[in-house]
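> Mind looking at a prediction? Sequence and model below.
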Amino acid sequence: MSVSFLRRLGLFGSSPKISAEVREAIDPFVQAVAPKLALLSNYRKVLEQPMSRLLDYANGFSTRIPEPLDLSLRKFTMDPRIGMFFASPVSLLETIDSSAALSEFFAQPHLGDEAYALLVMQRSEKSRFGMGNENGTLRADVLQKVVSFNAHRLTLAEPTPEAFAAALRNRSVQLLTQVVAAKLATQDRRRQQLEADRQRLMLRVEAARRQGQCIVIDGTRDGSEEEGDLDSMTAKLAAVESELASLKTAAELPNRLNAVAELIGAPEQLLGMHRASLHLDRMGIVQEEENANAQNLLCFEEVETGGESPVRRVVVPVRVTREAIRELEDSVACT
C-alpha cells in the first residue's frame with residue numbers, strides 16, 4: 001500500500017485517543033466473551049494493556065493490505081489477478097449482485113458512485129494429470145497442481161478509503177473477539193463433558209467393585225462402550241478427575257481473566273495475516289521454477305484464525321463503481 005494512500009487513511013503516527021479507545025473497547029469485549037468477568041473489580045485494569053495491544057494489531061491490518069483492486073470489465077481483460085480470482089465476467093457480476101453490502105450501499109445515492117469493499121475468497125488446491133512439458137517432452141499425464149478461488153463474498157462497502165480502513169479495523173477486532181469467545185466456549189464444553197464422563201466412570205467403578213451386586217443403567221454414553229476391568233476404569237477415572245480439576249481451576253474468574261488477558265495480549269496467535277505468492281498460468285496451474293516469471297506471479301493476502309479448526313481466507317480490498325456494474329451488465333446481456 002502506497003504512502004499516499006496510508007496518509008489518506010490516517011494510519012501514520014500514534015493516536016492521542018488510544019487510552020479512551022481502550023477503555024471503551026473493554027466492556028463490549030468482556031460482554032461478548034465472558035460477561036461474568038465484569039464481577040471482578042480489577043477486570044478493566046488487567047485488560048487495559050492487552051486490549052491496547054489487540055487494537056494496535058487490528059489497526060495494523062489496514063496498513064498491510066494492498067491498494068484496492070478495481071472490479072470492472074476492463075480490468076478483467078487487462079489485470080491477470082481478476083482473471084484468476086473470477087472464472088468469467090459473469091461470475092464477477094454474480095458476486096457483485098449477491099453482495100448485500102454493495103446492494104445496501106448503492107441503494108443510498110448520497111453515498112456516491114464508488115464503493116470500497118473487501119473481497120473474501122477461499123483458496124482451493126487439487127492435483128490432476130494433464131498436458132505438460134516434462135524433461136523437454138510434451139506429455140498428457142504430467143502431474144499438475146491447480147489453484148482456484150471460490151466462495152466469493154464482498155463485504156464492508158464504504159464510500160471512502162478512510163471509512164473502509166475503519167470498517168476493516170472494526171471487523172478485525174470483531175474476529176479476534178469471536179476467536180477468544182470460541183476458545184473459552186471450547187474449554188467450557190470440555191469441562192462439561194468431563195463432568196459427565198466422571199459420573200459415568202464413578203458408576204462403572206462402583207458396579208465393578210460390587211461384582212455384580214448392582215446394575216448400572218445408562219452407565220455409558222451409547223450403552224455399548226466397554227470400559228475394561230476395575231484397574232483400567234480406575235485409571236481412566238483418575239485421568240478424568242485430574243484434567244477436570246485443571247479446567248475447574250482455569251474457569252475460576254481470576255484465572256479466566258488472566259487467561260483472557262494473555263490471549264488478547266498475543267493477537268497474532270488468534271488471527272494471522274500473511275502474503276502468499278504463486279506463479280499460475282491462466283488455467284490456474286502452478287508453474288514450475290523454469291516457467292515462473294513476473295507475468296504469471298500472483299500475490300495476495302491470506303487471513304487465518306487460530307484454534308483447533310483454523311479457517312483461512314484470501315482477502316483483497318476492491319473498488320466497485322456504478323459505471324463498472326453497468327458495463328458488466330451490458331456485456332453479460334450481449335453474450
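Right, received. Where do you want to start? Numbering: from 1, shown residues only.
> Let me see the domain layout of the chain.
3-181+261-334, 182-252 (automatic domain parsing).
> Tell me which of these is the most buried.
domain 3-181+261-334 (a mean of 16; mean count of other C-beta atoms under 10 Å). Quick note: C-beta positions are derived from backbone N, CA and C, even for glycine.
> Can you give the distance of it from its chain's centre?
10 Å (C-alpha atoms, centre = their mean, to the nearest Å).
> what is the rounded mean pLDDT of it?
The average pLDDT within domain 3-181+261-334 is 85.
> and what of stretch 200-209?
84.
> What would that stretch look like as CSV? C-alpha coordinates only.
Extracted in CSV, the C-alpha atoms of stretch 200-209 (Å, rounded to 0.1, in the frame of the first residue of the first chain):
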residue,chain,number,x,y,z
ARG,A,200,-20.3,-42.4,34.3
LEU,A,201,-16.9,-43.8,35.3
MET,A,202,-17.8,-43.5,39.0
LEU,A,203,-20.9,-45.6,38.5
ARG,A,204,-19.0,-48.2,36.5
VAL,A,205,-16.2,-48.4,39.1
GLU,A,206,-18.7,-48.8,41.9
ALA,A,207,-20.5,-51.5,39.9
ALA,A,208,-17.3,-53.4,39.3
ARG,A,209,-16.3,-53.2,43.0
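> gap between the residue lying closest to residue 74 once chain neighbours are set aside and residue 333?
Counting by C-beta to C-beta, 6 or more residues apart in numbering, residue 74 lies nearest to residue 327, which is 7.6 Å off, once chain neighbours are set aside. Plainly put, residue 327 is 11 Å away from residue 333 if you go by C-beta to C-beta, to the nearest Å.
> Spit out the contact partners of residue 292.
residue 279 (C-beta atoms under 8 Å, 6 or more residues apart in numbering).
> do the same with residue 251
187, 188, 191.
> From those residues, pick the one nearest residue 198.
If you rank the contacts of residue 251 by distance to residue 198 using C-beta to C-beta, residue 191 comes first, at 10.4 Å.
> right, and that closest one touches residue 247 too?
Yes - taking contacts as C-beta atoms under 8 Å, residue 191 lies within contact range of residue 247: 4.4 Å.
> other SSEs contacting whatever helix or strand residue 206 lives in?
Element membership for residue 206, per DSSP states H and E: helix 161-210. Packing partners of helix 161-210 (3 or more C-beta pairs under 8 Å, 6 or more residues apart in numbering; DSSP states H and E): helix 3-9, helix 18-33, helix 43-64, strand 114-134, strand 137-158, helix 230-251, helix 253-264, strand 271-279.
> from what I can see residue 118 touches residue 314, true?
No - using C-beta under 8 Å, residue 118 is not in contact with residue 314; the gap is 10.6 Å.
> which residues touch residue 30?
Per C-beta under 8 Å, 6+ apart, neighbours of residue 30: 37, 38, 43, 47.
> Let me know how buried the closest residue to residue 42 other than its chain neighbours is, in neighbour terms.
What sits nearest to residue 42 in space, not counting adjacent residues and going by C-beta to C-beta, 6+ apart, is residue 257, at 7.9 Å. The number of residues packed near residue 257 is 20, by other C-beta atoms under 10 Å.
> need the contact list for residue 257.
37, 40, 42, 43, 46, 47.
> mind checking how far it is from residue 23?
Taking C-beta to C-beta, one finds residue 257 at 17 Å from residue 23.
> And for residue 163?
Taken as C-beta to C-beta, the span from residue 163 to residue 23 is 24 Å.
> for residue 48, same thing?
In terms of C-beta to C-beta, residue 48 sits 7 Å off from residue 23.
> Residue 144 bridge partners, please.
residue 128 (DSSP bridges).
> residues in contact with it?
Here residue 144 is in contact with 127, 128, 129, 130, 132, 285, 286 (C-beta under 8 Å, 6+ apart).
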